[in-house]
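Novice: what's the 3D shape of this:
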Amino acid sequence: MAVQADLTLVLKDFKRPCSEAAGVAELAPMALERGLLDKSASTLQDLSAIVLGRYLDKDDRIRVSEEWDADLLPPAHAVYAAKDARVSLEIYEELKKLPVVPSRDRKSTRLNSSHPLD
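Specialist: Sure thing, here's the model as predicted:
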């Protein structure tokens, strides 16, 4: 969920810079500011469970596939990317509804993303 790393790849591959002015938001720091995390480095899968109460399947066969470099994405990759984008937007919309919590009042939330939600 490192948006900045993705933006760096866009700059490298397409020679097109992206900036926060283009509407980029890092979701983990937003969740941390709202007292939902005890660390800012968290995965999209973790945030989906915490913020939306839903398990987000992140199939490693697709996630680390070399087919991401193909001129035309395989259908499974396109669905994976679309699902990530949709869930990211849903998380952002939910986080924007929550107030920022002063750091002294933030609760610790222990994440355990190794078990799917029922």
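Novice: what about whatever helix or strand residue 6 lives in, average pLDDT?
Specialist: Assigning secondary structure by DSSP states H and E places residue 6 in helix 3-14. What helix 3-14 shows for mean pLDDT is 76.
Novice: just stretch 56-72 next, same as before
Specialist: Average pLDDT, stretch 56-72: 93.
Novice: can you check stretch 81-90 too?
Specialist: Mean predicted lDDT for stretch 81-90 stands at 95.
Novice: my guess is residue 45 meets residue 58, correct?
Specialist: Yes - using Cβ atoms under 8 Å, residue 45 is in contact with residue 58, at 5.1 Å. In this view, the C-beta of every residue, glycine as well, is placed from N, C-alpha and C.
Novice: got the buried residues for the top helix by length along the chain?
Specialist: Identified as the longest helix of the chain according to DSSP state H is helix 75-97. Residues of helix 75-97 classed as buried: 77, 80, 84, 87-88, 91, 94-95 (neighbour count, 16 or more other Cβ atoms under 10 Å).
Novice: give me the contacts around that helix.
Specialist: 25, 27, 30-31, 34, 36, 44, 47-48, 51-52, 54, 56, 59, 62-63, 65, 67-68, 73 (Cβ atoms under 8 Å, 6 or more residues apart in numbering).
Novice: give the residue farthest from the middle of this protein.
Specialist: Each residue of the chain has a distance to the centre, and by Cα atoms, centre = their mean the biggest one is for residue 104: 25.2 Å.
Novice: which of the three states applies to residue 104?
Specialist: Here residue 104 is recorded as helix under DSSP: H, G, I helix; E, B strand; the rest coil.
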